[in-house]
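Novice: Test case, fold it:
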Amino acid sequence: MQLTTYTDYSLRLLLFLAVQPGKELTSIKKVSTIYGISYNHLTKVTHELSKMGLVETIKGRNGGIRLAKQPSDINIGEVVKQTEDNLELVECFNENTNTCVLSPACRLKGVLKEALKAYLNVLEQYTLEDLLINEETLKELFTI
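Specialist: Got it, this is the predicted structure:
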(Lines give C-alpha, C1' and ligand atoms only; values in the text may rest on other atoms or scores of the structure.)
Protein backbone atom coordinates (compact mmCIF):
# COMPACT_ATOMS: atom_id res chain seq x y z
CA MET A 1 0.00 0.00 0.00
CA GLN A 2 1.26 3.45 -0.82
CA LEU A 3 0.06 6.52 0.99
CA THR A 4 -1.05 9.49 -1.07
CA THR A 5 1.06 12.62 -1.24
CA TYR A 6 -1.74 14.31 0.71
CA THR A 7 -1.28 11.97 3.68
CA ASP A 8 2.49 12.20 3.41
CA TYR A 9 2.33 16.01 3.58
CA SER A 10 -0.16 15.82 6.45
CA LEU A 11 2.18 13.67 8.52
CA ARG A 12 5.20 15.82 7.64
CA LEU A 13 3.37 19.00 8.65
CA LEU A 14 2.33 17.45 11.97
CA LEU A 15 5.92 16.37 12.65
CA PHE A 16 7.22 19.86 11.91
CA LEU A 17 4.64 21.51 14.15
CA ALA A 18 5.27 19.00 16.93
CA VAL A 19 8.90 20.07 17.35
CA GLN A 20 8.14 23.79 17.53
CA PRO A 21 8.87 25.14 21.01
CA GLY A 22 5.82 25.72 23.19
CA LYS A 23 2.90 27.09 21.27
CA GLU A 24 5.12 28.97 18.82
CA LEU A 25 3.46 29.87 15.53
CA THR A 26 5.03 29.12 12.19
CA SER A 27 3.99 29.75 8.60
CA ILE A 28 2.91 27.45 5.82
CA LYS A 29 5.51 29.20 3.65
CA LYS A 30 8.31 28.24 6.04
CA VAL A 31 7.18 24.62 6.15
CA SER A 32 6.82 24.41 2.37
CA THR A 33 10.31 25.89 1.96
CA ILE A 34 11.91 23.48 4.43
CA TYR A 35 10.28 20.44 2.82
CA GLY A 36 10.58 21.74 -0.74
CA ILE A 37 6.91 21.08 -1.40
CA SER A 38 4.13 23.11 -3.00
CA TYR A 39 2.85 25.99 -0.88
CA ASN A 40 -0.61 25.68 -2.43
CA HIS A 41 -0.82 21.96 -1.74
CA LEU A 42 0.39 22.44 1.83
CA THR A 43 -2.22 25.17 2.32
CA LYS A 44 -4.95 22.67 1.41
CA VAL A 45 -3.45 20.09 3.77
CA THR A 46 -3.31 22.67 6.57
CA HIS A 47 -6.94 23.62 5.99
CA GLU A 48 -8.07 20.00 6.24
CA LEU A 49 -5.97 19.31 9.35
CA SER A 50 -7.52 22.42 10.85
CA LYS A 51 -11.02 21.11 10.13
CA MET A 52 -9.99 17.84 11.79
CA GLY A 53 -8.98 19.79 14.90
CA LEU A 54 -5.28 18.88 14.63
CA VAL A 55 -3.89 22.23 13.49
CA GLU A 56 -4.79 25.67 14.75
CA THR A 57 -4.68 28.49 12.22
CA ILE A 58 -4.49 32.13 13.29
CA LYS A 59 -5.08 34.77 10.66
CA GLY A 60 -3.57 38.21 10.48
CA ARG A 61 -0.17 39.87 10.52
CA ASN A 62 0.96 38.00 13.64
CA GLY A 63 -0.81 34.80 12.65
CA GLY A 64 0.43 31.39 11.68
CA ILE A 65 -0.16 27.74 12.38
CA ARG A 66 0.55 25.38 15.27
CA LEU A 67 -0.64 22.08 16.66
CA ALA A 68 -4.11 22.25 18.17
CA LYS A 69 -3.53 19.15 20.32
CA GLN A 70 -0.70 17.60 22.25
CA PRO A 71 1.38 15.17 20.14
CA SER A 72 0.34 12.39 22.52
CA ASP A 73 -3.30 13.00 21.52
CA ILE A 74 -2.72 12.68 17.77
CA ASN A 75 -3.03 9.07 16.64
CA ILE A 76 -1.12 8.26 13.45
CA GLY A 77 -3.59 5.59 12.33
CA GLU A 78 -6.49 7.99 12.68
CA VAL A 79 -4.65 10.66 10.69
CA VAL A 80 -3.98 8.17 7.90
CA LYS A 81 -7.59 6.96 7.85
CA GLN A 82 -8.91 10.52 7.73
CA THR A 83 -6.50 11.80 5.07
CA GLU A 84 -6.57 8.83 2.71
CA ASP A 85 -9.50 9.16 0.35
CA ASN A 86 -9.41 5.56 -0.78
CA LEU A 87 -8.26 2.55 1.18
CA GLU A 88 -9.53 0.16 -1.48
CA LEU A 89 -6.44 -1.86 -2.33
CA VAL A 90 -8.05 -3.62 -5.26
CA GLU A 91 -11.12 -3.16 -7.44
CA CYS A 92 -13.20 -5.79 -5.66
CA PHE A 93 -13.12 -3.79 -2.39
CA ASN A 94 -15.73 -1.51 -3.95
CA GLU A 95 -18.97 -3.44 -4.37
CA ASN A 96 -20.41 -0.69 -6.65
CA THR A 97 -17.64 -0.72 -9.27
CA ASN A 98 -16.32 -4.27 -8.99
CA THR A 99 -16.18 -6.01 -12.36
CA CYS A 100 -13.67 -8.72 -11.46
CA VAL A 101 -14.86 -12.13 -12.73
CA LEU A 102 -12.99 -13.87 -9.90
CA SER A 103 -15.04 -12.24 -7.14
CA PRO A 104 -17.45 -15.14 -6.51
CA ALA A 105 -14.60 -17.58 -5.82
CA CYS A 106 -11.59 -15.41 -4.98
CA ARG A 107 -10.01 -15.61 -1.53
CA LEU A 108 -7.47 -12.86 -2.26
CA LYS A 109 -9.97 -10.15 -1.27
CA GLY A 110 -10.19 -11.54 2.26
CA VAL A 111 -6.42 -11.82 2.56
CA LEU A 112 -5.93 -8.24 1.39
CA LYS A 113 -8.63 -6.95 3.77
CA GLU A 114 -6.85 -8.74 6.62
CA ALA A 115 -3.52 -7.20 5.58
CA LEU A 116 -5.04 -3.70 5.39
CA LYS A 117 -6.60 -4.14 8.83
CA ALA A 118 -3.22 -5.22 10.25
CA TYR A 119 -1.51 -2.25 8.58
CA LEU A 120 -3.98 0.20 10.11
CA ASN A 121 -3.81 -1.55 13.49
CA VAL A 122 -0.04 -1.01 13.58
CA LEU A 123 -0.42 2.68 12.71
CA GLU A 124 -3.07 3.05 15.41
CA GLN A 125 -0.55 1.93 18.03
CA TYR A 126 1.46 5.13 17.53
CA THR A 127 0.91 8.77 18.35
CA LEU A 128 2.73 11.78 17.02
CA GLU A 129 4.64 11.85 20.29
CA ASP A 130 6.04 8.38 19.55
CA LEU A 131 7.59 9.78 16.37
CA LEU A 132 9.48 12.47 18.27
CA ILE A 133 12.02 10.17 19.91
CA ASN A 134 14.74 11.92 17.87
CA GLU A 135 13.30 15.41 18.36
CA GLU A 136 16.65 17.19 18.48
CA THR A 137 17.75 15.66 15.18
CA LEU A 138 14.43 16.62 13.62
CA LYS A 139 14.84 20.21 14.81
CA GLU A 140 18.28 20.35 13.19
CA LEU A 141 16.86 19.08 9.91
CA PHE A 142 14.11 21.72 10.01
CA THR A 143 16.47 24.69 10.12
CA ILE A 144 16.80 26.80 7.01
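
Novice: Please enumerate the strands of this structure.
Specialist: Using DSSP state E, the strands of the chain run over 55-58, 64-67.

Novice: And the ones you listed: which comes nearest S27?
Specialist: Closest of the strands of the chain to S27 is strand 64-67, at 5.3 Å (criterion: CB to CB). Glycine gets a C-beta too; all of them are placed from N, C-alpha and C.

Novice: Tell me which of the strands of the chain is the most buried.
Specialist: strand 64-67 (a mean of 20; mean count of other CB atoms under 10 Å).

Novice: circling back to that earlier point, ok, which of the strands of the chain comes nearest D130?
Specialist: For the strands of the chain, the distance to D130 is smallest for strand 64-67, at 14.9 Å, taking CB to CB.

Novice: For the closest one, give me every contacting residue.
Specialist: 14, 17-18, 20, 23-28, 31, 46, 50, 54-58, 74 (CB atoms under 8 Å, 6 or more residues apart in numbering).

Novice: Nothing else from me, thank you.
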